[in-house]
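Visitor: Following is a predicted model, sequence given first.
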Amino acid sequence: MRWVAALVVCASPAAAVTCEDITHLGASFTVCDVTTDDDLQLFLRDDAGDILGSFRAVEAASGKNLLFAMNAGMYHDDRDPVGHYIEDGVEEMRVITSDGPGNFGLLPNGVFCIADTYTVIEARAYAANPPACTHATQSGPMLVIDGALHPRFIDGSDSRNIRNGVGTTADGQTAHFAISNDAVNFHDFATLFRDVLQTPNALFFDGKVSRLYDAASGRSDFGFGALGPIVGVLDDASAAD
């Protein structure tokens, strides 16, 4: 069994999303598993083109309740995506393959692609052979690349933050979304995906602003400002039902 310690909470029968609290290297994490049976989507703007920015706004715009949601990629001050972004097959931002400042530019970075399966792909490989993603979001750095940790991560680093990210199984049938409930460094966060969740590829979404929505447990994180891209699963039933 992969979990060190777990508290299982089950979502409504409308979807198979489950979130569990686990302990890894002395830190607490919440891991949410989303399978290809779930209608996983990205959300950025409402019908008027305005940034949604919050879990509540996603529900209001869709008319449905969220089962699960998480911030999903870095964004500028105006909440536009820093990197590649596709929603419902429409590309808003191209793939960025150059290095640069900050965590996003700490190459290799990557793209989380939602199609018939879920994949995390290194950004330059993605740009060289773009898959047909219904939804896609770019962030960085990669946490795990083909089973190896990002080469710049330092074991024991004192750079610690609340962090969140996603890893995908080798068969592409499940995406494991994780958020740390304690401040952790990149190395320890990455080993969660490599050693515990056993995902061959995993991608960092963000730190400090990391937030999670889990309807089954009643968790809805809040912060001091709007978000950019959000990934989530809506209930099949309308919010009014």
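Guide: It's in.

Visitor: so where's this structure uncertain?
Guide: Across the chain, the stretches falling below the confidence threshold (pLDDT under 70) are 1-15, 238-241.

Visitor: beta partners for V233?
Guide: Counting by DSSP bridges, V233 forms beta bridges with L40, F68.

Visitor: got the contact list for it?
Guide: 15, 17, 34, 38-41, 66-69 (C-beta atoms under 8 Å, 6 or more residues apart in numbering). Where you see a C-beta, it was placed from the backbone N, CA and C, and this is true even at glycine.

Visitor: can you give me the helices for this structure?
Guide: Defined through DSSP state H, the helices belonging to the chain, from first to last, are 55-62, 123-128, 186-191.

Visitor: Quick one: closest of those helices to G147.
Guide: Of all the helices of the chain, helix 186-191 sits nearest to G147, with 11.3 Å by C-beta to C-beta.

Visitor: Could you report the neighbour count for D158?
Guide: For D158, the neighbour count with other C-beta atoms under 10 Å is 6.

Visitor: so it sits right up against V184, yeah?
Guide: No - taking contact to mean C-beta atoms under 8 Å, the distance of 11.1 Å between D158 and V184 leaves them out of contact.

Visitor: How about stretch 215-227, which residues are buried there?
Guide: Neighbour-count burial for stretch 215-227, counted by 16 or more other C-beta atoms under 10 Å, picks out 215-217, 219, 221, 227.

Visitor: Kindly export it (C-alpha atoms) in CSV.
Guide: Taking C-alpha atoms only, stretch 215-227 is exported to CSV below (Å, rounded to 0.1, in the frame of the first residue of the first chain):
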residue,chain,number,x,y,z
ALA,A,215,-16.3,19.1,-1.6
ALA,A,216,-16.3,15.8,0.2
SER,A,217,-14.3,17.0,3.2
GLY,A,218,-15.6,20.5,3.1
ARG,A,219,-12.2,22.0,2.5
SER,A,220,-12.1,25.3,0.6
ASP,A,221,-8.8,27.2,0.9
PHE,A,222,-8.9,31.0,0.7
GLY,A,223,-6.2,33.5,0.1
PHE,A,224,-5.5,37.2,-0.3
GLY,A,225,-6.1,37.6,-4.0
ALA,A,226,-7.6,36.1,-7.1
LEU,A,227,-6.1,33.0,-8.8
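
Visitor: Please consider this matter closed, and thank you.
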